[in-house]
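> Prediction below, plus the sequence it came from.
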Amino acid sequence: MADFVREVMTPGVVAVRPDASLVEAAQLMRAQDIGDVLVATEQEVIGVLTDRDITLRAVADGADPLTVSAQAVCTPDLVMIGPDDAVSAAVELMRDHAVRRLPVVENGHAVGMVSLGDLAVSQDPESALADISRAMPDSWPGPTPA
(Lines give C-alpha, C1' and ligand atoms only; values in the text may rest on other atoms or scores of the structure.)
Protein backbone atom coordinates (compact mmCIF):
# COMPACT_ATOMS: atom_id res chain seq x y z
CA MET A 1 0.00 0.00 0.00
CA ALA A 2 1.09 3.52 -0.75
CA ASP A 3 2.03 5.86 2.08
CA PHE A 4 2.00 9.25 0.36
CA VAL A 5 -0.46 11.06 -1.89
CA ARG A 6 2.19 11.47 -4.60
CA GLU A 7 2.22 7.66 -4.95
CA VAL A 8 -1.50 7.40 -5.72
CA MET A 9 -2.40 10.71 -7.38
CA THR A 10 -2.95 11.19 -11.06
CA PRO A 11 -0.15 13.57 -12.04
CA GLY A 12 -0.85 16.67 -14.07
CA VAL A 13 -3.84 18.94 -13.89
CA VAL A 14 -6.42 19.95 -16.42
CA ALA A 15 -7.68 23.49 -15.90
CA VAL A 16 -9.90 26.07 -17.56
CA ARG A 17 -10.01 29.84 -17.25
CA PRO A 18 -12.72 31.24 -14.97
CA ASP A 19 -14.49 32.75 -18.00
CA ALA A 20 -14.46 29.52 -20.02
CA SER A 21 -17.94 28.38 -21.01
CA LEU A 22 -19.40 25.19 -19.62
CA VAL A 23 -19.32 23.79 -23.15
CA GLU A 24 -15.55 24.38 -23.30
CA ALA A 25 -15.09 22.73 -19.92
CA ALA A 26 -17.29 19.75 -20.84
CA GLN A 27 -15.49 19.25 -24.15
CA LEU A 28 -12.16 19.28 -22.33
CA MET A 29 -13.45 16.72 -19.82
CA ARG A 30 -14.60 14.50 -22.67
CA ALA A 31 -11.31 14.83 -24.56
CA GLN A 32 -9.28 14.04 -21.43
CA ASP A 33 -11.74 11.36 -20.21
CA ILE A 34 -12.06 13.01 -16.79
CA GLY A 35 -14.94 14.13 -14.60
CA ASP A 36 -13.55 17.43 -13.38
CA VAL A 37 -11.31 20.36 -14.21
CA LEU A 38 -9.78 23.00 -12.04
CA VAL A 39 -10.90 26.57 -12.59
CA ALA A 40 -7.78 28.70 -12.35
CA THR A 41 -6.03 31.89 -13.29
CA GLU A 42 -2.28 31.94 -13.83
CA GLN A 43 -1.87 32.87 -10.17
CA GLU A 44 -4.40 30.78 -8.30
CA VAL A 45 -6.86 27.92 -8.27
CA ILE A 46 -10.35 29.37 -7.90
CA GLY A 47 -12.38 26.18 -7.74
CA VAL A 48 -13.12 22.78 -9.17
CA LEU A 49 -15.77 22.15 -11.80
CA THR A 50 -17.23 18.67 -12.06
CA ASP A 51 -19.52 17.09 -14.60
CA ARG A 52 -22.07 16.96 -11.79
CA ASP A 53 -21.73 20.73 -11.20
CA ILE A 54 -22.49 21.37 -14.86
CA THR A 55 -25.51 19.08 -14.78
CA LEU A 56 -27.06 20.17 -11.49
CA ARG A 57 -26.10 23.84 -11.29
CA ALA A 58 -26.64 24.81 -14.91
CA VAL A 59 -28.28 22.34 -17.28
CA ALA A 60 -30.99 21.26 -14.80
CA ASP A 61 -31.96 24.92 -14.38
CA GLY A 62 -32.13 25.48 -18.14
CA ALA A 63 -29.05 27.69 -18.27
CA ASP A 64 -27.28 28.04 -21.61
CA PRO A 65 -23.97 26.18 -21.27
CA LEU A 66 -22.51 28.33 -24.05
CA THR A 67 -22.94 31.51 -22.02
CA VAL A 68 -22.48 30.35 -18.42
CA SER A 69 -18.91 30.53 -17.15
CA ALA A 70 -17.00 27.82 -15.33
CA GLN A 71 -16.52 30.15 -12.39
CA ALA A 72 -20.28 30.69 -12.06
CA VAL A 73 -21.01 27.04 -11.24
CA CYS A 74 -17.73 25.64 -9.90
CA THR A 75 -17.26 24.66 -6.28
CA PRO A 76 -15.16 27.51 -4.90
CA ASP A 77 -14.23 26.23 -1.44
CA LEU A 78 -11.58 23.73 -2.39
CA VAL A 79 -10.29 21.08 -0.10
CA MET A 80 -6.71 20.39 -1.17
CA ILE A 81 -3.87 18.15 -0.12
CA GLY A 82 -0.11 18.09 -0.64
CA PRO A 83 1.79 15.38 -2.48
CA ASP A 84 3.84 14.53 0.61
CA ASP A 85 0.80 14.19 2.85
CA ALA A 86 -0.22 10.74 4.03
CA VAL A 87 -2.77 8.79 2.01
CA SER A 88 -4.70 8.42 5.28
CA ALA A 89 -4.99 12.23 5.41
CA ALA A 90 -6.53 12.22 1.92
CA VAL A 91 -9.03 9.57 3.00
CA GLU A 92 -9.94 11.61 6.09
CA LEU A 93 -10.38 14.84 4.08
CA MET A 94 -12.57 13.11 1.52
CA ARG A 95 -14.70 11.58 4.26
CA ASP A 96 -14.97 14.78 6.31
CA HIS A 97 -15.88 16.96 3.33
CA ALA A 98 -17.85 14.36 1.34
CA VAL A 99 -15.77 14.86 -1.82
CA ARG A 100 -14.58 12.31 -4.35
CA ARG A 101 -11.59 14.23 -5.70
CA LEU A 102 -8.85 16.33 -4.13
CA PRO A 103 -6.52 18.65 -6.01
CA VAL A 104 -2.91 17.99 -5.04
CA VAL A 105 -1.07 21.28 -4.52
CA GLU A 106 2.64 21.85 -4.02
CA ASN A 107 4.14 25.31 -3.43
CA GLY A 108 0.86 26.91 -4.44
CA HIS A 109 0.62 25.06 -7.78
CA ALA A 110 -1.68 22.18 -8.61
CA VAL A 111 0.39 19.14 -9.54
CA GLY A 112 -2.20 16.39 -9.66
CA MET A 113 -5.53 15.06 -8.54
CA VAL A 114 -6.33 12.19 -6.22
CA SER A 115 -9.69 10.51 -6.59
CA LEU A 116 -11.72 8.06 -4.61
CA GLY A 117 -10.89 5.49 -7.29
CA ASP A 118 -7.15 6.17 -6.97
CA LEU A 119 -7.38 5.51 -3.24
CA ALA A 120 -9.43 2.35 -3.73
CA VAL A 121 -6.90 0.91 -6.18
CA SER A 122 -4.07 1.72 -3.77
CA GLN A 123 -5.63 0.80 -0.44
CA ASP A 124 -7.99 -2.05 -1.34
CA PRO A 125 -7.04 -3.41 -4.78
CA GLU A 126 -9.46 -6.33 -4.55
CA SER A 127 -12.50 -4.15 -3.85
CA ALA A 128 -15.31 -3.64 -6.31
CA LEU A 129 -14.52 0.10 -6.49
CA ALA A 130 -10.89 -0.62 -7.33
CA ASP A 131 -11.97 -3.05 -10.02
CA ILE A 132 -14.36 -0.51 -11.51
CA SER A 133 -11.72 2.23 -11.31
CA ARG A 134 -9.25 0.13 -13.29
CA ALA A 135 -11.78 -0.59 -16.07
CA MET A 136 -11.26 1.09 -19.40
CA PRO A 137 -13.98 3.65 -20.14
CA ASP A 138 -16.34 3.28 -23.06
CA SER A 139 -15.46 5.44 -26.02
CA TRP A 140 -17.80 8.27 -26.93
CA PRO A 141 -19.55 8.51 -29.16
CA GLY A 142 -20.13 4.82 -29.02
CA PRO A 143 -21.72 2.57 -31.59
CA THR A 144 -25.36 3.10 -32.34
CA PRO A 145 -27.52 0.64 -30.36
CA ALA A 146 -29.26 -1.98 -32.45
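Cool, got the structure. Residues are numbered from 1 along each chain as shown.
> Name whatever forms a beta bridge with the residue nearest in space to the middle of the chain.
Closest to where the C-alpha atoms of the chain average out (Cα atoms, centre = their mean) is residue 36, at 3.6 Å. Under the criterion DSSP bridges, residue 36 forms beta bridges with residue 50.
> quick one: it from residue 77, how far?
According to Cβ to Cβ, to the nearest Å, residue 36 and residue 77 sit 15 Å apart. From N, CA and C alone the C-beta is placed, and that goes for glycine too.
> Wait, residue 19 touches residue 72, no?
No - using Cβ atoms under 8 Å, residue 19 and residue 72 do not qualify as a contacting pair, with a distance of 9.4 Å.
> These two: which is more packed in?
residue 72 (17 against 12; other Cβ atoms under 10 Å).
> Let's see the pLDDT reported for that one.
In this prediction, residue 72 carries a pLDDT score of 97.
> give me the element it is part of.
Taking DSSP states H and E as the criterion, residue 72 maps to helix 70-73.
> How far off centre is that helix?
Distance of helix 70-73 from its chain centroid, counting by Cα atoms, centre = their mean, to the nearest Å, is 15 Å.
> can you offset everything so residue one is 340?
Yes, from this point I'll number from 340; that puts the last item at helix 409-412.
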